[in-house]
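Engineer: Dropping the sequence and predicted coords here.
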Amino acid sequence: MAPAKIDDDPVTAEYDVFLTPAMEEQIFLLQYPNRPRTRPYNNTFGATPRNMRIKPNAGYLEVDVKLNTDHNFNKYMGLKWGDASQTSKELHNATGTYGLAAGLAAAKSRALMSNRAKPLADRGDRELAFEQELVNFQSAESEGRVFSTQTLGGQIVRHDGQEEAGKANYFAGTFDGGTLHLTKITGTVQMRPQFHHLDAEEERNRIAATRAQAEAAEAGPAPAGHALRQRVITEEEKKSAEHRLKQILKAAEQEQWIQMQYIDEETDRAYTAFEDKLFVKNTADAPNLKSTMDNMEYLDAISAPRHGSPTRRRRRPPRRKRTVDLAAGDDEDHDEFHDDDDDEVHEVERGEPAPDADTHMSEG
């Protein structure tokens, strides 16, 4: 007896698949490339996000996560970056956002030498203040003078836009016994560390240098006025990639953050939303979906392009059958080709080149 054939890829389970109806809410998949999967940001691991904010039109999302200042924390740098962030917010940048999420905007001009301008301590006084606050670090942290949060953020890649048309869709899958329920993902965000505190420190140093130059030039003659000249942007320039990029950055700068509420995944509210939104309630009345593709079309749709690939699937060459019709008295012989894939018959006059294929000759 021949040995039984062992399937190297057996079917272990089968599920009925359901698509949940469209929702008013938006579902975003947040990915954390710099965080191990075994240590998610939640209450269990002591890394609960404090604040969440979104710019839906510009497409940016940020999360603030509380850091543990008792272990592996540089208290001096925490005081230094906390002072820089607080100074930036008080001077002109109320949100403390820099980079692409702020449209790469420069510092907004203000009367640096006005009475309302916050005085900036010089380097010596600043270092002395840090030494005093290190002694009472807990008090400084409770008063918000310590940079004790990590900001994670990224740009939203939406899956419902025109640019994503025809591409693979992302779904969130939930199991309920022998059924699988799929909910379409609105967009994906890769949450990476944002270094707004470093930009704030650099900006503070720049503002301090600008004020020092203004104080030195205050006793000198008044600067001469400069004429402003407006420039009209042509239609050709409006179509350029540089102009479109400027418009995108301008929109990101002008759009305000929308504050969001973070709810931990282990709370009752999160479980309630999970049960209400990610399952089809009445599976018996759910409509049946039928595919318009056969098996080969489906494989071609989900596979990489086969053109030019050394391992691409090749169609079997057609069979050639040569026949001579003697009964009709016709001396001309024809080459008749049968294509097994599409069941078409092709006749070629004698003397014409034939495809390179195995032949079978029969005389009739």
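Structural biologist: Arrived safely. Numbers count the residues shown, from 1 in each chain.

Engineer: show me where this protein has helices.
Structural biologist: Ranges of helices in the chain, per DSSP state H, are 75-91, 123-135, 137-142, 196-218, 235-238, 241-254, 268-277, 295-302.

Engineer: which one of these has the lowest average pLDDT?
Structural biologist: The weakest mean pLDDT among the helices of the chain belongs to helix 235-238, with a mean of 75.

Engineer: Could I have the CA atoms of that one written out in PDB?
Structural biologist: Provided in PDB are the C-alpha atoms of helix 235-238 (Å, rounded to 0.1, in the frame of the first residue of the first chain):
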ATOM      1  CA  GLU A 235      -0.700  79.600 -12.100                       C
ATOM      2  CA  GLU A 236       2.300  77.500 -13.100                       C
ATOM      3  CA  GLU A 237       3.900  78.000  -9.700                       C
ATOM      4  CA  LYS A 238       0.600  77.000  -7.900                       C
END
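
Engineer: Start at 5, not 1
Structural biologist: Taking 5 as the first residue, the last one we looked at is helix 239-242.

Engineer: Tell me the gap between that helix and the middle of its chain.
Structural biologist: 30 Å (Cα atoms, centre = their mean, to the nearest Å).

Engineer: Ok, stretch 179-195 next?
Structural biologist: 16 Å.

Engineer: before we move on, back to that, between the helices of the chain, which gets nearest to Leu184?
Structural biologist: helix 272-281 (15.1 Å; Cβ to Cβ). In this view, the C-beta of every residue, glycine as well, is placed from N, C-alpha and C.

Engineer: what's next to that closest one, contact-wise?
Structural biologist: Thr24, Met27, Glu29, Thr178, Thr187, Ile267, Asp268 (Cβ atoms under 8 Å, 6 or more residues apart in numbering).

Engineer: Could you pick out which of the residues you listed are located in strands?
Structural biologist: Thr178, Thr187 (DSSP state E).

Engineer: just to revisit the earlier point, Lys59 is nearest to which of the helices of the chain?
Structural biologist: helix 245-258 (6.6 Å).

Engineer: and the closest one, how far out from the chain's middle?
Structural biologist: 19 Å.

Engineer: can you give me phi and psi for Phe199?
Structural biologist: Backbone torsions for Phe199, taken as degrees, to the nearest 10, come to phi -110, psi 50.

Engineer: for it, what are its contacts?
Structural biologist: Gly103.

Engineer: do you know how far it is from Gly157?
Structural biologist: 10 Å (Cβ to Cβ, to the nearest Å).

Engineer: likewise Met56?
Structural biologist: 10 Å.

Engineer: Neighbour count for these two, which is higher?
Structural biologist: Higher neighbour count among Met56 and Gly157: Gly157, with 22 against 17, using other Cβ atoms under 10 Å.

Engineer: and the helices of the chain, which is most packed in?
Structural biologist: Across the helices of the chain, the average number of neighbours (mean count of other Cβ atoms under 10 Å) peaks for helix 79-95, which reaches a mean of 19.

Engineer: Going by contacts, tell me the helices and strands next to that one.
Structural biologist: For helix 79-95, the packing partners by 3 or more Cβ pairs under 8 Å, 6 or more residues apart in numbering; DSSP states H and E come out as helix 127-139, helix 141-146, helix 200-222.

Engineer: Ala106 is in contact with Gln258, isn't it?
Structural biologist: No. Here Ala106 does not reach Gln258: they are 10.2 Å apart, not a contact under Cβ atoms under 8 Å.

Engineer: Tell me where the model's unsure across the stretch 5-154 of the chain.
Structural biologist: In the predicted model of the stretch 5-154 of the chain, residues 5-8, 110-122 satisfy pLDDT under 70.

Engineer: hmm, 50 instead?
Structural biologist: 113, 115-119 (pLDDT under 50).

Engineer: Fine, thanks again, bye for now.
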